[in-house]
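Student: Mind folding the following:
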Amino acid sequence: MPLAGFGARKSEPSTGVHDSLYVRVIALQAGERRALLIGYDALLIHPDLARMIEKRSGLKAEQLYFTASHTHSGPGGWGHGFVEEQFSGKPDPRVSAMLVDSSVAAVQRALNTLKPATWRSGRLHAAEFIRNRLLGNQAPVDDELVYLWLESAEKPLALFAAYSAHATVLSEKNLQFSGDYPGYLERRVEKTTGAFSLFAAAGLGSHSHRGQGEGFERARHIGEGLADSLLRHLGAAPGRDSVALSCTRLVVTPPPLQIRLNRDYRLNAWLARRLLHFRDCYISLLALDEFRFIGAPVEFSGQLALQVKAAAAQQGKPVSVTSFNGCYLGYVVPSRYDDLDGYETRTMCWFGPYFGDYLADVMARMAER
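Tutor: Next up is the predicted model:
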């Protein structure tokens, strides 16, 4: 099975497993309302697979809040078409079946093991592990590590955590399956507390990692450092034993495809549609009291996430934006950086300069409600 994430691997098969990868599900229920956080130790969850999981789950689609850690050392073989296969390798139907079956089983297990719990949500700054790879070290970053913590009267139950540094500590030279730094975070929390742990990539566009060492040593340093900081802050937020729970999806229409070849030319729209196949575009919203988790259909810019958070904060609504919500439409960046000649602004920005601004505006309006 190939690893997904780097085109430079050219579909080379994995040489083994460095650390195990999982699909993880946290089920939430308040009265008759249910919502599920679904996270993958993977590059993303492909839209076709997300739709299959929705159909087999027995739940409404909007009740499923999809996320992924965005490790570039996770399973490939799920893509279809020229562009997707550059990142995920040659398609293998067995991989798709495994991902869907595992997800449905995890959903049912979570629903079957619901129990009373208290919860708390908070955020802390972790600037030492993140940098702005688009604009340089002096540029703004979204350095918040956001968490949702659940515990019963007897023991800790689960942690949901989101952070914006790209999980690319392990380069294309690595051919072992690994969760990268998010995997180290999850294992540290689970070993220390016994609580089930789920990591989600936040607004990671333009954001990369920084830390000590190289390869797996750096991944461990970042992941365990984040986990230790989080564990020290868990008690800072007050616990709650009731919640106003809601979830929804808002379908949005993206602009026409604008795949740029250079500053002045773009690919013919007809040919672009033959290379890239998009069927879904929506924004997910999961609300717990005043807290808002917003799922983006793109690799959402960390700088745009700062704008969404600032707008929502004026209404007293703490927000966390996560990427990979069961759709995938490339990167978005603030329109003011459209002229930059970079991977995020040219190669992976497929819908023109203003799509990111539009999504950020819609998210801010959703968060206010």
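Student: make it CA atoms for all contacts and neighbour counts henceforth
Tutor: Fine.
Student: what are the ranges of the helices in this structure?
Tutor: Ranges of helices within the chain are 47-57, 82-88, 93-112, 180-193, 215-233, 269-275, 302-313, 355-368, based on DSSP state H.
Student: what does the second one rub up against?
Tutor: By Cα atoms under 8 Å, 6 or more residues apart in numbering, the residues outside helix 82-88 that reach it are 2-7, 10-11, 75-79, 91, 275-276.
Student: ok, which pair from those residues is furthest apart?
Tutor: Using Cα to Cα, the pair of the contacts of helix 82-88 lying farthest apart is P75 and L275, separated by 22.3 Å.
Student: The two - which one has more neighbours?
Tutor: P75 (26 against 12; other Cα atoms under 10 Å).
Student: can you count the residues close to P254?
Tutor: 18.
Student: make that G223, sorry
Tutor: G223 has 24 nearby residues by other Cα under 10 Å.
Student: With A153 instead?
Tutor: A153 has 9 nearby residues by other Cα under 10 Å.
Student: Equivalent analysis for the one 10 residues further on, please.
Tutor: Residue neighbour count, defined by other Cα under 10 Å, stands at 29 for Y163.
Student: ditto for the one 4 residues further on
Tutor: Close neighbours of A167, defined as other Cα under 10 Å, add up to 28.
Student: Report pLDDT for the closest residue in space to it that isn't next to it in sequence.
Tutor: Nearest non-adjacent residue to A167, counting by Cα to Cα, 6 or more residues apart in numbering: T71, 4.9 Å away. If you check T71, the pLDDT there is 98.
Student: if I look at T71, how far off is V107?
Tutor: T71 sits 22 Å away from V107, going by Cα to Cα, to the nearest Å.
Student: Could you do E154 as well?
Tutor: From E154 to V107 the distance is 23 Å (Cα to Cα).
Student: between these two, who's got more neighbours?
Tutor: Neighbour totals were compared for E154 and V107, and V107 leads with 25 against 7 (other Cα under 10 Å).
Student: what about the nearest residue to that one once chain neighbours are set aside, neighbour count?
Tutor: Computed as Cα to Cα, 6+ apart, the closest residue to V107 that is not its neighbour in sequence is V25, at 6.1 Å. V25 has 28 neighbours, counted by other Cα under 10 Å.
Student: R133 too?
Tutor: Close neighbours of R133, defined as other Cα under 10 Å, add up to 16.
Student: before we move on, what about A272?
Tutor: Residues near A272, counting by other Cα under 10 Å: 17.
Student: among the helices of the chain, which is nearest I259?
Tutor: helix 269-275 (6.8 Å).
Student: What residues sit buried inside the closest one?
Tutor: A272 (16 or more other Cα atoms under 10 Å).
Student: repeat for stretch 71-83
Tutor: Across stretch 71-83, burial judged by 16+ other Cα under 10 Å covers T71, H72, S73, G74, P75, G76, G77, W78, G79, H80.
Student: which residues does L159 bridge with?
Tutor: Counting by DSSP bridges, L159 is bridged to W149, S197.
Student: residues contacting it?
Tutor: Y147, L148, W149, L150, A195, F196, S197, L198.
Student: what about the chain, any weak spots by pLDDT?
Tutor: For the chain, applying pLDDT under 70 flags no range at all.
Student: who's in contact with H18?
Tutor: Q176, F177, S178.
Student: any idea how far stretch 277-289 is from the chain center?
Tutor: The chain centroid and the centroid of stretch 277-289 are separated by 12 Å under Cα atoms, centre = their mean, to the nearest Å.
Student: how about that stretch as CSV, C-alpha atoms only?
Tutor: Taking Å, rounded to 0.1, in the frame of the first residue of the first chain, the C-alpha atoms of stretch 277-289 are listed here in CSV:
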residue,chain,number,x,y,z
HIS,A,277,-13.6,16.3,-10.0
PHE,A,278,-15.5,18.2,-7.3
ARG,A,279,-18.9,17.1,-6.3
ASP,A,280,-19.3,18.5,-2.7
CYS,A,281,-18.7,21.8,-1.0
TYR,A,282,-20.1,22.6,2.4
ILE,A,283,-19.1,24.1,5.7
SER,A,284,-19.7,22.0,8.8
LEU,A,285,-20.7,23.5,12.2
LEU,A,286,-20.7,21.8,15.6
ALA,A,287,-21.8,24.0,18.5
LEU,A,288,-21.5,23.2,22.2
ASP,A,289,-23.0,26.1,24.2
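Student: Return the residue of the protein that is most distant from the centre.
Tutor: Using Cα atoms, centre = their mean, the residue of the chain lying farthest from its centre is D264. It sits 32.1 Å away.
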